[in-house]
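Engineer: everything below, folded, please.
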Amino acid sequence: MNSGGEMSSAQLLQQMALLQWLSSQTDEDRSLLTAVTGVQVARELLNRFTGQKQVDAYKTECILSIAEFIRQNPRASQDQINAEVKKRVLVFAARVKALETKPIL
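Structural biologist: Residues are numbered from 1 along each chain as shown. Okay, here's the model as predicted:
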């Protein structure tokens, strides 16, 4: 579920397949449920192996923090902005690097 308490599209699809199988108990619906669940598990494993979701979150945080610095410091010189960008990018890079040692499961 997402932070708003709603299911993702993949979760909703899996629940729909489960509901269909529970109501029919047919082999065809069981195969559909198995396939949908398998795709969802594979997608989650790929995300955990690559860490892409977390990298995207760190990237967004980095960009927003730079934008916030510029908003709060409208008279900052180009050198100050460059220094802030460099600092934020180094933090981003360190956070991404730390993902390499994070356990997958």
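Engineer: from here on, just use CA atoms for contacts and neighbour counts.
Structural biologist: Fine.
Engineer: in the lengthiest helix in the chain, what counts as buried?
Structural biologist: As assigned by DSSP state H, the longest helix anywhere in the chain is helix 27-50. Of the residues in helix 27-50, Asp29, Arg30, Leu32, Leu33, Val36, Thr37, Gln40, Arg48 count as buried by neighbour count, 16 or more other Cα atoms under 10 Å.
Engineer: please work out the average pLDDT along that helix.
Structural biologist: When pLDDT is averaged over helix 27-50, the result is 84.
Engineer: residues in contact with that helix: which ones?
Structural biologist: By Cα atoms under 8 Å, 6 or more residues apart in numbering, the residues outside helix 27-50 that reach it are Ala10, Gln11, Leu13, Gln14, Ala17, Leu18, Gln20, Trp21, Lys53, Ile104, Leu105.
Engineer: for the next helix or strand after it, packing partners?
Structural biologist: Proceeding N to C from helix 27-50, the next assigned helix or strand is helix 52-72, under DSSP states H and E. For helix 52-72, the elements it packs on are helix 78-99, judged by 3 or more Cα pairs under 8 Å, 6 or more residues apart in numbering; DSSP states H and E.
Engineer: could you export the helix it packs on as CSV, CA atoms only?
Structural biologist: Coordinates of each C-alpha in helix 78-99 appear next as CSV, following Å, rounded to 0.1, in the frame of the first residue of the first chain:
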residue,chain,number,x,y,z
GLN,A,78,26.9,31.5,-8.5
ASP,A,79,29.8,30.2,-6.3
GLN,A,80,27.6,29.7,-3.3
ILE,A,81,25.0,27.9,-5.4
ASN,A,82,27.7,25.7,-7.0
ALA,A,83,29.0,24.9,-3.5
GLU,A,84,25.6,24.0,-2.3
VAL,A,85,24.9,21.8,-5.3
LYS,A,86,28.2,20.1,-4.9
LYS,A,87,27.4,19.4,-1.2
ARG,A,88,23.9,18.1,-1.9
VAL,A,89,25.2,15.9,-4.8
LEU,A,90,27.9,14.4,-2.6
VAL,A,91,25.2,13.5,0.0
PHE,A,92,23.1,12.0,-2.7
ALA,A,93,26.1,9.9,-3.9
ALA,A,94,26.9,8.7,-0.4
ARG,A,95,23.3,7.7,0.2
VAL,A,96,23.3,5.7,-3.1
LYS,A,97,26.6,4.1,-2.3
ALA,A,98,25.3,3.0,1.1
LEU,A,99,22.6,1.1,-0.7
